[in-house]
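Engineer: sequence-free structure coming up:
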């Protein structure tokens, strides 16, 4: 049933996968909040989504307009320097061990407030992408039910 999976559905699926991976890393960071010497990891969701958008785009990278941030190769128009800006220095689609948070006396670098904020943000993004996915499947269901009545 490859006709059910269009580029938008692949992008949404990739976004959900990236968010699940981010939530797993945040959970691991929170679980190790009291582990001496622990360095938290993070995942760059924006780069994972960027890769999915790039793979689904029918145009080549050279034909796109340059922009700042994670949308540089997607061809979106940036009208404000704050639009679609990602964190600087994060490895694309991977994890990073370096964290700019405070270091405690035991060497643990987990910042509880930052991790909880990231967890809340990830949950909100997951809800938004899930709603988009549900809407896309609802559209497909509507089309199929209309076709069945003819």
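Structural biologist: Happy to help now that I have it. All of these numbers come straight from a predicted model, not from anything done at the bench.
Engineer: after the helix or strand bottoming out on mean pLDDT in the chain, next one along is what?
Structural biologist: Every helix and strand of the chain was ranked by mean pLDDT, DSSP states H and E. The lowest is strand 95-96, at a mean of 48. Next along the chain after strand 95-96, taking DSSP states H and E as the criterion, comes helix 112-148.
Engineer: which helices and strands does that next one pack with?
Structural biologist: Under the contact definition 3 or more Cβ pairs under 8 Å, 6 or more residues apart in numbering; DSSP states H and E, helix 112-148 sits against helix 7-31. The way it works is simple: take the backbone N, C-alpha and C, and place the C-beta from them, glycine included.
Engineer: now the helix it packs on and helix 112-148, what's the angle there?
Structural biologist: Computed by axes from the mean of the first three to the mean of the last three Cα atoms, to 10 degrees, the angle separating helix 7-31 from helix 112-148 equals 150 degrees.
Engineer: how about low-confidence regions in the protein?
Structural biologist: Counting by pLDDT under 70, the chain has low-confidence residues at 1-5, 45, 48-49, 52, 56-79, 82-103, 148-150.
Engineer: 90 - rerun?
Structural biologist: 1-15, 17-18, 42-107, 136-137, 139-150 (pLDDT under 90).
Engineer: quick check: closest non-adjacent residue to residue 38.
Structural biologist: Excluding its sequence neighbours, the residue lying closest to residue 38 (Cβ to Cβ, 6 or more residues apart in numbering) is residue 32, at 4.3 Å.
Engineer: relative to residue 114, how far out is the one you found?
Structural biologist: Distance, residue 32 to residue 114, by Cβ to Cβ, to the nearest Å: 14 Å.
Engineer: just residue 105 next, same as before
Structural biologist: Taken as Cβ to Cβ, the span from residue 105 to residue 114 is 19 Å.
Engineer: one more: residue 132?
Structural biologist: Taking Cβ to Cβ, one finds residue 132 at 27 Å from residue 114.
Engineer: contacts for stretch 24-38, please.
Structural biologist: 40-43, 95, 106-110, 112, 115-116, 118-119, 122 (Cβ atoms under 8 Å, 6 or more residues apart in numbering).
Engineer: quick check: end-to-end length of it?
Structural biologist: 16 Å (Cα to Cα, to the nearest Å).
Engineer: going forward can the numbers begin at 52, since that is how I track them
Structural biologist: In the new count, where the first residue is 52, that last one comes out as stretch 75-89.
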